[in-house]
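# Structure here, sequence nowhere to be found:
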């Protein structure tokens, strides 16, 4: 039986939570009295389906069912996780929790998306001490991993640990705060930046477009991979952070920024900001901007995954835990099970031809790991090099489409490894890739027999696959007609 998440309030944040849980295989029950809730949640789910699966190099579980509950009791009964995302009004939240605690299981995790209130404030004088946690995400929730996890001082440690484990299970990174604080961590940092941005416009120093450009083209790119402390540490060189702080002291003593002051949001200032922002966005709708944002985020996150920096380290860990294993060698080996990323598509709207080779190369690399030609083996001075490749493009694949690669060993003796990959989406054959590899010494760059264990594993699979039907399309030449 799948885990169940109850989502109470399905605005931008709540709908994002619903999409995150559903795309990670949970059953989701949504309670929101708004008549347009189903349409809104489905729109967010569609954006999540487009973006999240391609972020990983491994497949997501089957999508969970999303159910719209007519009553709070229907949503929370037997739910494992209850996420409240109603407007940030303390009286509204406390009233809601009283109703929830009449019907939820004692062991359920009850969490709020609040950006401002502490768990102690949310708990109030609840009749039943079902700990209320804060699980504050960053939008879009279905794509970004951060969630600030906060408990009241008396919250059971086991409850926080269990909540953290469940969040990691849906691909998120719980950042557990050491103490309660209004605004948490990310909120306080963003509020300071927001105050300063308002002053820059108010004082006529910069427009909204200039402020966004200053962050988009500078600090924002740096902060995507390392935060302000590590960035300052680099600037200090070998002198270290103590030197940075010593040099910063005079500036901090006479601050140039407005740390706590807020300009009066007069009609004139509001109009100026609104006009500048509208001009900045041009004719792009909010939906257009969200689509562009998600596409850009996937590209940035995948680049960070390549280097292992920032959020990329988390994505690498998720992929490593989901890699297919080598189990039944009497069948073609599944070497890839994933979705087409957004940045793999071209001007025709489908997966570009270079990415077919990319996917087949990943399949070959995974097969090499399975037979023992892994990082440790390669570090000892041997590997396989590809000598020849032939790819057939048989059907289109689009962003977010799930596919798998099934690999058959045609030959695996001596210095040769002859592989035939079939790329399938369901039962539809998308492409085939035939690859001849040679085992080489990395010292001499010449062919050499593989190590005994690699040779044994390769020969064992090749022998088992020899009993399989010969794959259709093997040995074909470019331009050769079917049949």
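Happy to help now that I have it. In this text the structure is predicted, and so the values were computed from the model without any measurement.
# so the closest residue to residue 5 other than its chain neighbours is in which element?
Closest residue in space to residue 5, ignoring its immediate chain neighbours: residue 21 at 4.1 Å, by Cβ to Cβ, 6 or more residues apart in numbering. C-beta coordinates here come from the backbone N, C-alpha and C atoms, glycine included. In the assignment (DSSP states H and E), residue 21 maps to helix 12-23.
# ok, and for that helix, which residues are buried?
Residues 13, 14, 15, 16, 17, 18, 19, 20, 21, 22, 23 are the ones in helix 12-23 that count as buried (16 or more other Cβ atoms under 10 Å).
# ok, so of those, who is nearest residue 335?
The shortest approach to residue 335 among these belongs to residue 23, at 23.5 Å (Cβ to Cβ).
# Touching, that closest one and residue 49? I think so.
Yes. Using Cβ atoms under 8 Å, residue 23 is in contact with residue 49, at 6.9 Å.
# and for the two, which residues touch both?
residue 63 (Cβ atoms under 8 Å, 6 or more residues apart in numbering).
# what's residue 277 sitting at in phi/psi?
phi -70, psi -40 (degrees, to the nearest 10).
# How about it, nearest residue that isn't a chain neighbour?
residue 208 (4.9 Å).
# and the one you found, what is it in contact with?
Per Cβ under 8 Å, 6+ apart, neighbours of residue 208: 197, 201, 273, 276, 277, 280.
# For the last one, pull up the helix or strand it's in.
Right, the one you point to is residue 280. Going by DSSP H and E, residue 280 is part of helix 267-281.
# So which elements touch the lowest-mean-pLDDT helix or strand in the chain?
Ranked by mean pLDDT, DSSP states H and E, the weakest helix or strand in the chain is helix 241-253, scoring a mean of 73. Packing partners of helix 241-253 (3 or more Cβ pairs under 8 Å, 6 or more residues apart in numbering; DSSP states H and E): helix 228-236.
# by contact count, what packs against the helix it packs on?
Against helix 228-236 (3+ Cβ pairs under 8 Å, 6+ apart) you get helix 241-253.
# The helix it packs on: which residues count as buried?
residue 244.
# still on that earlier bit, quick one: which of the contacts of residue 208 is nearest residue 239?
Nearest to residue 239 among the contacts of residue 208, with distances taken as Cβ to Cβ, is residue 197, at 31.6 Å.
# any idea how far residue 119 lies from residue 33?
Distance, residue 119 to residue 33, using Cβ to Cβ, to the nearest Å: 26 Å.
# Give me the most central residue, the chain.
Centroid check for the chain by Cα atoms, centre = their mean gives residue 143 as the closest residue, at 4.8 Å.
# who's in contact with that one?
48, 51, 52, 55, 294, 297, 298, 301.
# any idea how far residue 193 is from it?
From residue 143 to residue 193 the distance is 21 Å (Cβ to Cβ).
# Repeat that for residue 217.
16 Å.
# Compare those two (neighbour count), which wins?
residue 193 (14 against 9; other Cβ atoms under 10 Å).
# so is that one in a helix, a strand, or just coil?
At residue 193 the chain is in helix, as set by DSSP: H, G, I helix; E, B strand; the rest coil.
# next one: the one 5 residues further on
When classified by three-state DSSP, residue 198 comes out as helix.
# what about the closest residue to it other than its chain neighbours, neighbour count?
Spatial nearest neighbour of residue 198, chain neighbours left out: residue 263 (5.4 Å); criterion: Cβ to Cβ, 6+ apart. Burial of residue 263 is recorded as 14 neighbouring residues (other Cβ under 10 Å).
# chain center to the longest helix along the chain, what's the gap?
Using DSSP state H to define each element, the chain has its longest helix at helix 286-307. Remark: helix 286-307 is offset 10 Å from the chain centroid, using Cα atoms, centre = their mean, to the nearest Å.
# which stretches of the stretch 351-483 of the chain have low pLDDT?
483 (pLDDT under 70).
# That should have said the stretch 201-350 of the chain, apologies.
In the stretch 201-350 of the chain, residues with pLDDT under 70: 236, 252.
# Now do the same contact list for residue 56.
By Cβ under 8 Å, 6+ apart, the residues touching residue 56 are 315, 318, 319, 322, 338, 339.
# Among these, name the buried ones.
The buried subset of the contacts of residue 56 - by 16+ other Cβ under 10 Å - is 315, 318, 338, 339.
# For the last one, name its beta-bridge partners.
Beta-bridge pairing of residue 339 under DSSP bridges involves residue 402.
# can you tell me how far it sits from residue 425?
As for residue 339, its distance to residue 425 is 10 Å (criterion: Cβ to Cβ).
# Mind listing the shared neighbours of those two?
401, 402, 403.
# Distance to residue 62 for those - can I get that in CSV?
Compiled in CSV, the shared contacts of residue 339 and residue 425 are given as follows (distance: Cβ to Cβ, whole Å):
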residue, distance to residue 62
401, 15
402, 10
403, 15
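# quick one: which two of the contacts of residue 208 are the most distant?
Among the contacts of residue 208, 197 and 280 lie farthest apart (Cβ to Cβ), at 13.0 Å.
# How far does stretch 28-36 stretch from one end to the other?
17 Å (Cα to Cα, to the nearest Å).
# Break this structure down into its structural domains.
The chain breaks down into these domains under automatic domain parsing: 4-184, 188-282, 325-465.
# Tell me which of the ones you listed sits most buried.
Each of the domains of the chain was scored by mean neighbour count; the highest is domain 4-184, a mean of 19, by mean count of other Cβ atoms under 10 Å.
# Which residues are in contact with residue 25?
2, 3, 60, 61, 62, 63, 64.
# and of those, the nearest to residue 103?
residue 3 (17.8 Å).
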